[in-house]
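J.: Sequence and predicted structure are below.
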Amino acid sequence: MIQINNKTCFSLNDILDSFSPDMLRLYTYPLLREMLHSTKGCEEVANEVDGLVKTKQDASEFVQYACLVKVFFRDDANRSSEVLSSYIRDNLPVFLRDLQDMVHVAGGTFKMGSTGSDADDDEKTIRDVTLSDYYICQHTVTQQQWQRIKGNNPSIFKGDHLPVENVSWYDCVAYCNALSRYYSLKECYLINGTTVSLLNGGKGGFRLPTEAEWEFAARGGERSHNFKYAGSDHLDEVAWYKDNSNSKTHPVCQKKSNELGLYDMSGNVWEWCWDWYDSYPSSPQSNPLGASSGARRVRRGGSWNYDFARCRVSYRNFNAPDERDYYFGMRLVLAL
């Protein structure tokens, strides 16, 4: 028995029918039902999802969900349809709940950095950055989510719906790979001790945002109103920071979201990014990954124990990738 959206679900059909809006019933529900009750293979189902997407060439939520479901139904020649069906029955409820937290960010071009009077020197090289579409989680990874995948909770402040913290950059890339494996997606990182490489162009599984992806999403993407903080020019509306946090983290999604429906991109916990910290290049870039090497990894967003200046969407900070602290957290990205 499972509770979803305050509704008790006794079967797979109940679980699927409990999700709203109607996108799951109209688009993904028939495909999932067919997959579970036929001998159709993953590749065939994925092709049908492609067909649905081609018949609806817009940025609607239906297409976004279809693309996400396609990732789950990628072809795997080493797994029988019976095993796959059993796997889906066991994991679909949690998977769909995780997918509901992923927000589509339409690609676009933005000016990264800041020349404001409060900007630091490392923000002041403004250049055009172009990004492809991606998905980013509406909130930072919670302790409940971390515990489910890793079997431990490193956080100093305890609570299922509090952001996980006290995690290093290395901890976070390992979590991303573990989450991808959990859902039988592609791992985005090749991890060999302290050497970490990006696999598959960062597509097909969960990973950290690049610094550019993080800033574009924090600014509100193509819907940006050019706020100083993520969703407002008034920090108390959108963030837990030094002046209002009571010296602790707070449950995710309690403050106002930004233009994309993302929460806590200013304040609560710092968020690790993929990039090595370095000065910005002056020329335009497309899907930048940052410097090829370095000593410190970027973190963004400010936190519960930092002041308003550190919560600006353009503010940059950094730490060694093996450092942990009770204000270091993470947010997931999924690129298809």
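T.: Looks like it arrived, so ask away.

J.: Pairing-wise in the sheet, spell out the partners of Pro163.
T.: Thr142 (DSSP bridges).

J.: Distance-wise, check it relative to Lys111.
T.: From Pro163 across to Lys111, the span is 29 Å (Cβ to Cβ, to the nearest Å). For every residue, glycine as well, the C-beta is placed using N, CA and C.

J.: higher neighbour count, the two?
T.: Pro163 (32 against 14; other Cβ atoms under 10 Å).

J.: so the more buried one touches Trp146, yeah?
T.: No: in this structure, Pro163 is not within contact of Trp146 by Cβ atoms under 8 Å, at 9.3 Å.

J.: any shared contact partners between these two?
T.: Ser155 (Cβ atoms under 8 Å, 6 or more residues apart in numbering).

J.: residue contacts, the closest residue in space to Thr194 that isn't next to it in sequence?
T.: Distances taken as Cβ to Cβ, 6 or more residues apart in numbering place Tyr170 nearest to Thr194, at 7.0 Å, with adjacent residues excluded. Contact analysis of Tyr170 by Cβ under 8 Å, 6+ apart lists 194, 196, 321-322.

J.: List the backbone torsions phi and psi for Tyr170.
T.: As for Tyr170, its main-chain torsions (degrees, to the nearest 10) stand at phi -60, psi -40.

J.: Pull up the gap between it and Asn246, please.
T.: Distance from Tyr170 to Asn246, by Cβ to Cβ: 30 Å.

J.: Check Asp133 too.
T.: Asp133 is 38 Å from Asn246, by Cβ to Cβ.

J.: Check Glu237 too.
T.: 17 Å.

J.: and what of Ile156?
T.: For Ile156, the distance to Asn246 equals 14 Å [Cβ to Cβ].

J.: between these two, which one's more packed in?
T.: For Ile156 and Asn246, the more surrounded residue by other Cβ under 10 Å is Ile156, and the numbers stand at 14 against 8.

J.: I figured Val173 was touching Val196, is that so?
T.: Yes: counting by Cβ under 8 Å, Val173 touches Val196, with 5.5 Å between them.
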